[in-house]
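Enquirer: Sequence plus the predicted model coming up.
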2 protein chains.
Amino acid sequence: MISFTSKNLHSFVRKIFLSINTPEKDAEIATNVLLQADLKGIDSHGVARLSGYVRQWELGKLNSNPKISIIHQTPSTAVVDGDSGLGLVIAHYAMQIAIEKAEKVGTGWVAVRNSGHFGIAGHHALKAVEKDMIGWAMTHASALAVPTYSKEKLLGTNPICLAVPAGKYQPFVADFASTAAAYGKLQILQRKNENAPWGWVQDKNGMPTQNPHAPRLGGALLPLGSDDEHGSHKGYCLGAMVDILSGVLSGANFGPFVPPFATSGDTQERQPPVGLGTGHFFGAMSIDAFQTKEEFKKRMDIWIEVFKNAKAIQGKKVWIPGEPEFENAIFREKNGIPLVEAVVKDLEKLAEKFGEPLY
Amino acid sequence: MISFTSKNLHSFVRKIFLSINTPEKDAEIATNVLLQADLKGIDSHGVARLSGYVRQWELGKLNSNPKISIIHQTPSTAVVDGDSGLGLVIAHYAMQIAIEKAEKVGTGWVAVRNSGHFGIAGHHALKAVEKDMIGWAMTHASALAVPTYSKEKLLGTNPICLAVPAGKYQPFVADFASTAAAYGKLQILQRKNENAPWGWVQDKNGMPTQNPHAPRLGGALLPLGSDDEHGSHKGYCLGAMVDILSGVLSGANFGPFVPPFATSGDTQERQPPVGLGTGHFFGAMSIDAFQTKEEFKKRMDIWIEVFKNAKAIQGKKVWIPGEPEFENAIFREKNGIPLVEAVVKDLEKLAEKFGEPLY
């Protein structure tokens, strides 16, 4: 574990994005999204992904200087084509469009196609919160998970995020995958050679297993709920909703056709595609399209206080969604961002490749 | 178990609604929502609830002839006050407003306050599908479930529904609660004096238990995901999202302040209230605000075929969300709606009370 200041990492990551011909403004945007993930402790979605984006570019699958365009729109909606650019950047522009529409007609909803991995959903949804709006962000991803009763992987971990402004407290940020466990958690167990808890994965016959390697051996991640007795069809529903809004509605691929990210380990691309690249879906709802901002924030503060002060199980604490991540960010901004050896090595290789010092 | 034709039940239920002074048009709407639930096999939300609505009316908590009004609006949003009317009816009007807005500016979003139990979310969301729109419906309910690590019940089963039109197939209808198990499933175990599976409920100290009576003994339902190792914070996030959109944004109560339904067994009302009655949230997104209806439906049909034809676990089948309910409806429309003895007795009492023959 080596610790980096966010400032140092920011400067390095930005230079790498510039090195693959990302325009300055976009390099700044992309760097901010990745750094936010590391600061917040969502390490799997931060600089650990940088070499993956570079690899996509090297494979000719990433257009680092895309023409992002609106394909179709109404006063409250738009479909955006990302021109195979960085998802991190496309998501930013799409969210801005949603916000502009919300300023005019109360809400804005943007479906995106021809994009790639967009980083953490929460970062994008929080852009709406800065404007006193409720932000939505979701994305599908390449298939690692099964619908209930399926042996075949058809859905990604498909996260959904809702970010809501509050008054004196940090915003409420629910940002979660629709599977029982994140793939990153399995990877940690793989490295440690430890078993996964029951309910995280199934084997190639769809039977329960504790093998953390199962998804690479014909098995799969299980939907949130784990099995039918505990509501896995609900996790399946959630993953499917995200897939339909991000993929079917946008004109992107969907289900098992969603293209893999370069570092996902899953290199199969299902042919022929059913649409253009990866898709996302964003929403912005202006608070004052429903009630005054002041009244709403007062009410949100009460909500947060009631939940924060809930009687907790012995030795535990009831968290407000997003609260642990805001606490992490304060801590890491001050004490540095610890990176595991594998990620540091990855960054060192990029440093060498592009002649940009990491230290 | 006694079987009724949907026509007979419809006529009876409608007359009971008329007997409590519901206007004709509203009685028809309310009856349709309840009957849809019974036809689709969601028995807990059908005519089994009728005596509960009557009881609310007798307690003076239900205004059977409400003035439903728009409190505030923008081109794509509205806040609706239900004037303490039947949730079944208020939801209908709110969804119509969402649809009208979507016709004009692409999408419509309606937050509702001062309402009550609205029946099955899917019925309301499907109203948008009839207009070639994607429908959203969600509602909070009185607190039966805990956030992760809480001993205190702060959230209802808070269901969310997304309904999506398809071409040659029935619509996709994801309609699910944010708890691991529905309360109705526990009630069945209570009657049979059987244990609940681990992961459905906790006891008053927040410890795992199999006692199906736990929620009435200071315990609670667990969020989808069941425990922290299996992502219960995700179920908590989902329940909280539904509560914030239905309650905080609409001006209704929220969290533990949501008033109980007359038959929920949970009769405490948390005082003072933080808003008006129960809340819901609806959305309608016009398909052609994103792409042509024809192209979208073709794509949705492919999505459905890919999932329908997934390789299934031995002896199982991969379901499309909503598919089992559509199959039930066809079967029950033809073969009758079977009602358990307790529900039949309830209806017989109503028949006697209002002088309306059940048979």
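Expert: Done, it's in. Numbers count the residues shown, from 1 in each chain, chains lettered A, B, ... in the order given.
Enquirer: Please count neighbours and contacts with C-alpha atoms only from this point.
Expert: Fine.
Enquirer: so what's the residue of the stretch 1-150 of chain A found nearest chain B up against?
Expert: Relative to chain B, the nearest point of the stretch 1-150 of chain A is A:S150 (4.3 Å; CA to the nearest CA). Contacts for A:S150 (CA atoms under 8 Å, 6 or more residues apart in numbering or on different chains) come out as A:G206, B:A310, B:K311, B:A312, B:I313, B:K317, B:V318.
Enquirer: any idea which of those is closest to A:G336?
Expert: Distance to A:G336, by CA to CA, is smallest for A:G206 among the contacts of A:S150, at 42.3 Å.
Enquirer: and the nearest residue to the closest one once chain neighbours are set aside, how many neighbours?
Expert: Distance criterion CA to CA, 6 or more residues apart in numbering or on different chains; nearest residue to A:G206, sequence neighbours excluded, is A:K151 at 5.0 Å. A:K151 has 24 neighbouring residues, counting by other CA atoms under 10 Å in any protein chain shown.
Enquirer: give me the beta-bridge partners of A:I134?
Expert: Legend: beta-bridge partners of A:I134 under DSSP bridges are A:M285.
Enquirer: And the residue nearest to A:G206, how far from A:T209?
Expert: From A:K151 over to A:T209 the distance is 13 Å, taken as CA to CA, to the nearest Å.
Enquirer: before we move on, what about A:Y183?
Expert: A:Y183 is 15 Å from A:T209, by CA to CA.
Enquirer: Next: A:G218.
Expert: Distance from A:G218 to A:T209, by CA to CA: 12 Å.
Enquirer: hey, what's in contact with both of the two?
Expert: By the contact definition CA under 8 Å, 6+ apart, A:G218 and A:T209 are jointly contacted by A:D203.
Enquirer: more crowded one of those two?
Expert: Set A:G218 next to A:T209 and count neighbours by other CA under 10 Å: A:T209 wins out with 19 against 16.
Enquirer: Please name the residues that touch the more buried one.
Expert: By CA under 8 Å, 6+ apart, the neighbours of A:T209 are A:W198, A:G199, A:V201, A:Q202, A:D203.
Enquirer: Mind listing residues that contact stretch A:290-298?
Expert: By CA under 8 Å, 6+ apart, stretch A:290-298 touches A:132, A:165-167, A:287, B:72-73, B:77-79, B:111, B:248-250.
Enquirer: Please check these and keep the buried ones.
Expert: With burial judged by 16 or more other CA atoms under 10 Å in any protein chain shown, the buried subset of the contacts of stretch A:290-298 is A:132, A:165-167, A:287, B:73, B:77-79, B:111, B:248-250.
Enquirer: What about A:P272, how many residues nearby?
Expert: A:P272: 7 surrounding residues under other CA under 10 Å.
Enquirer: in which helix or strand would I find it?
Expert: Following DSSP states H and E, there is no helix or strand that holds A:P272.
Enquirer: so what pLDDT did it get?
Expert: pLDDT for A:P272: 87.
Enquirer: I would like the residues contacting stretch A:15-30, please.
Expert: Contacts of stretch A:15-30 (CA under 8 Å, 6+ apart): A:14, A:31, A:54, A:57, A:64-65, A:86, A:88-89, A:92, A:350-351, A:354, A:356.
Enquirer: What of stretch A:245-252?
Expert: Contacts for stretch A:245-252 (CA under 8 Å, 6+ apart): A:79-80, A:111-114, A:138-140, A:253-255, A:274-281, B:287, B:290-291, B:296, B:299-300, B:303.
Enquirer: if we can go back for a sec, for the residue of the stretch 1-150 of chain A closest to chain B, which non-adjacent residue is closest in space?
Expert: Of all residues not flanking A:S150 in the chain, B:A312 sits nearest, at 4.3 Å (CA to CA, 6+ apart).
Enquirer: isn't that neighbour right next to A:K153, touching?
Expert: No - the criterion here is CA atoms under 8 Å, and B:A312 misses it with A:K153 at 10.6 Å.
Enquirer: Of these two, which one has the most company?
Expert: Between B:A312 and A:K153, counted using other CA under 10 Å, the more crowded position is A:K153 (24 against 21).
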